[in-house]
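Asker: sequence unavailable; structure follows:
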């Protein structure tokens, strides 16, 4: 029975979305040289049998860090939680997506009853959009990258990730990730550790060709930026600098790019990277957690300007795989990307995309090419990880001065931008080393915690 027969008029918005989805599907079929009849059958035919999303389950999971990295990551962020989406269709397809936090139920509900192809260029949710693209690829019988266009690369460069901590652990990170097949490692500099000490430790153990991507989190220290970057650039392991200046200093970026011997990467571009790219203010751009539609538009801009870029979407293997598909199809998405999947010791899919010489092979199976592991999903849903309590950063300067700061995983940005608390401004090249002082039940810890809560940063002469 039609909508008019049961007394309801068709929803013009949904009708238009359905028409757009059908048109896009036909265009994809034509572009990829598929048989249209077979393609139509894959979509579920017409009428009531039309392909549609019938159910989306949102699973909130806890994911443990890799053992060797757990101590610093727990102190920075506490235990990791994220949401895995399992979307099902009336034809029995299962699409996977994930996000750092759950979408509102109203947002999830807006996908149910729709055709996955209604969400081409999704601008609503990155996590749910990934699931829709997984369904589209499976329905069409093609890998997800073909939904974006022709493939520009079969191997996509990927980087590893860590946090700034003591030099010996930075060296361990380089060794570990090099063994795993990575050739790049990214981390945010922290003024609680001397970057030159870190560089010396990492350089001693780095295999030839391994590079470090330094994120300066838009400054916030009293270092002279050009002098600092020039000094860091003398190390062969140094590979490039992300956000070395305040985000709005577009002209400063353009000038720094001319003067710095290593690449400058712009992440937090205040005008959405359009004007910044035209001004040639960086050697490459980073799109962080961009929804699919926004990433498509930026990819077109960067392609027109022949400007390299990468997608930075943090998550597990689902997110890593989607990023690989997208960067395979975007002309200038040639920069190494970060997803941080290597930092966790468990996942909800059976496949693992791992790098070989810094490159990940693009999957060729339908959709994302991933298989849900239901048992592992249930295990991670049931897992209860202990919270990291507040702790104390205990720092020593070379002249003996001691500095104490209150650290809280709920305020992780303090570790890289302590100036945002408006208490103290430090330097990345300051002669400093830091220890993590956890609650130990001692009177000394309790006394210092009380001082920090009352006074803020504490400095003591020794």
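Answerer: Good, I have the coordinates. This is a predicted model, so every value here is computed, not measured. Numbering: from 1, shown residues only.

Asker: any idea how many residues pack against residue 92?
Answerer: Residue neighbour count, defined by other CB atoms under 10 Å, stands at 8 for residue 92. The C-beta positions use only the backbone N, C-alpha and C, and glycine is treated the same way.

Asker: so it: helix, strand or coil?
Answerer: Put simply, residue 92 is coil when judged by DSSP: H, G, I helix; E, B strand; the rest coil.

Asker: next up, the contacts around residue 410.
Answerer: Applying CB atoms under 8 Å, 6 or more residues apart in numbering, we find residue 410 in contact with residue 78.

Asker: that one belongs to a strand?
Answerer: No: assigned with three-state DSSP, residue 410 falls outside any strand and is helix.

Asker: what's in contact with stretch 290-298?
Answerer: With CB under 8 Å, 6+ apart as the test, stretch 290-298 has contacts from 121-126, 129-130, 133, 148, 272-273, 285, 287, 309, 311, 313, 326, 330.

Asker: distance of the nearest residue to residue 352 once chain neighbours are set aside from residue 149?
Answerer: Of all residues not flanking residue 352 in the chain, residue 317 sits nearest, at 6.1 Å (CB to CB, 6 or more residues apart in numbering). To residue 149, residue 317 is 24 Å away according to CB to CB, to the nearest Å.

Asker: likewise for residue 142?
Answerer: Distance from residue 142 to residue 149, counting by CB to CB: 12 Å.

Asker: these two: which is more packed in?
Answerer: residue 142 (21 against 16).

Asker: give me the pLDDT value at the more buried one.
Answerer: At residue 142, the predicted lDDT confidence score is 98.

Asker: okay but it is in contact with residue 366, surely?
Answerer: Yes: using CB atoms under 8 Å, residue 142 is in contact with residue 366, at 6.4 Å.

Asker: which of the contacts of stretch 290-298 fall within helices?
Answerer: Using DSSP state H, the members of those that fall in helices are 126, 129, 130, 133, 326.

Asker: which of the helices or strands spans the nearest residue to the third one once chain neighbours are set aside?
Answerer: Counting by CB to CB, 6+ apart, the nearest residue to residue 130 once its immediate chain neighbours are dropped is residue 97, at 3.7 Å. Assigned by DSSP states H and E, residue 97 falls within strand 94-99.

Asker: which neighbouring elements make contact with that strand?
Answerer: Packing partners of strand 94-99 (3 or more CB pairs under 8 Å, 6 or more residues apart in numbering; DSSP states H and E): strand 80-89, helix 126-140, helix 317-329.

Asker: any chance of those in CSV, with distance to residue 110 too?
Answerer: Listed next are the helices and strands packed on strand 94-99 as CSV, based on distance: least, CB to CB, whole Å:
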stretch, distance to residue 110
strand 80-89, 12
helix 126-140, 9
helix 317-329, 20
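
Asker: export those to a markdown table and append columns for distance to residue 337 and mean neighbour count.
Answerer: Below are the helices and strands packed on strand 94-99 laid out as a markdown table (distance: least, CB to CB, whole Å; neighbours: other CB atoms under 10 Å):
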| stretch | distance to residue 337 | mean neighbour count |
| --- | --- | --- |
| strand 80-89 | 18 | 21 |
| helix 126-140 | 14 | 27 |
| helix 317-329 | 5 | 26 |
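
Asker: minimum distance to residue 421: which of those has it?
Answerer: Checking those against residue 421 by CB to CB gives strand 80-89 as the closest, at 24.2 Å.

Asker: and the residue nearest to residue 80 when sequence neighbours are not counted, its phi and psi?
Answerer: Excluding the flanking residues, the one nearest residue 80 by CB to CB, 6+ apart is residue 63, at 4.9 Å. For residue 63, the backbone dihedrals are phi -130, psi 120 (criterion: degrees, to the nearest 10).

Asker: how about residue 93?
Answerer: Here is the backbone geometry of residue 93 (degrees, to the nearest 10): phi -80, psi 150.

Asker: for residue 268, helix, strand, or coil?
Answerer: Of the three states, residue 268 takes coil according to three-state DSSP.

Asker: quickly find the element holding the nearest residue to it once chain neighbours are set aside.
Answerer: Spatial nearest neighbour of residue 268, excluding adjacent residues (CB to CB, 6+ apart): residue 247 at 4.3 Å. In the assignment (DSSP H and E), residue 247 maps to no helix and no strand.
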